[in-house]
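**Q** Prediction below, plus the sequence it came from.
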Amino acid sequence: MSRAAWCALILALLVAEAPSAGAQPVRLREPAPAEHRLVVRGLLPLMADLGYPVEPAGEGGLRLLTNCGIRLAVVTRNHIQAAVLAGTESPCTHMTLLITEGTLTRLPLPELQALLAHELAHVHLRHMDAFGALAIAPATLTGLQFSRDQESEADRFAALMLKRTGGEDACLGLVAVLMRVASESPASATDARSTHPNLPARIREARRACEIL
């Protein structure tokens, strides 16, 4: 599949799942070299901790030593969001990460790594299996969401991974990024109708996990 066809496929999936009311068009681009290096810097310790044989690769991704890639695409939005796409057989990809420009430009590395840890937790825990092609975490780019239990499980898994790779300070990056998302989305932070645990509860649980793990 060509790069253009790959981008078109992702865009079609996002548009198909997006809510119709007030939906903003999703525009994707390839990461700049500095963005690619930043994400690789955050991902490599996490992937190594989970036993994935990976190395940096050109054209915006990481390469598994099994010749199956990890793709990165940048969403041209300023708010803090990320998403993960399930892997594909052709071209062989283990997963595709979608990250907004705001995430890359506004988050310090510990918070970016914590966000990546949460995304990777969903992949490692196979949460997207029920969705097939598309899965979203932790703030949605579309209407498709993980369950409350899956979000809590991913937070706990991410906290444990971060503490193993960088100690309590790295783990507290998860608390910081959840607090940042809550401050920018006050209306949805405590929405009881959401399938996600509300953000104040997630923040408390993440802080507790960092302290006791």
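**A** Here it is on my side, so go on. Residues are numbered from 1 along each chain as shown.
**Q** In CSV, list the C-alpha atoms belonging to whichever strand or helix holds Arg37.
**A** Element membership for Arg37, per DSSP states H and E: helix 33-49. C-alpha atoms of helix 33-49 as CSV (Å, rounded to 0.1, in the frame of the first residue of the first chain):
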residue,chain,number,x,y,z
PRO,A,33,12.4,14.5,11.8
ALA,A,34,12.4,16.3,15.2
GLU,A,35,8.9,15.0,16.0
HIS,A,36,9.9,11.5,15.0
ARG,A,37,13.0,11.7,17.2
LEU,A,38,10.9,12.9,20.2
VAL,A,39,8.4,10.1,19.9
VAL,A,40,11.1,7.5,19.5
ARG,A,41,12.8,8.9,22.6
GLY,A,42,9.7,8.4,24.6
LEU,A,43,8.7,5.0,23.1
LEU,A,44,12.0,3.1,23.1
PRO,A,45,12.4,2.6,26.9
LEU,A,46,8.7,1.5,27.1
MET,A,47,9.0,-0.9,24.2
ALA,A,48,12.2,-2.3,25.6
ASP,A,49,10.6,-2.8,29.0
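**Q** ok, and for that helix, which residues are buried?
**A** Using 16 or more other CB atoms under 10 Å as the test for burial, helix 33-49 gives 35-36, 38-40, 42-47, 49. In short, each C-beta sits where N, CA and C put it, glycine included.
**Q** cool, stretch 79-92 as well?
**A** For stretch 79-92, burial by neighbour count (16+ other CB under 10 Å) applies to 80-88.
**Q** Which two among those are spaced furthest apart?
**A** Maximum pairwise distance among the buried residues of stretch 79-92 (CB to CB): 26.4 Å, between Ile80 and Thr88.
**Q** show me the contacts for Thr103.
**A** By CB atoms under 8 Å, 6 or more residues apart in numbering, the contact set of Thr103 is 80-82, 112, 115.
**Q** Now secondary structure and distance to Leu160 too, for these, in TSV please.
**A** Converted to TSV, the contacts of Thr103 look like this (DSSP: H, G, I helix; E, B strand; the rest coil; distance: CB to CB, whole Å):
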residue	secondary structure	distance to Leu160
Ile80	coil	23
Gln81	coil	24
Ala82	strand	19
Leu112	helix	18
Leu115	helix	16
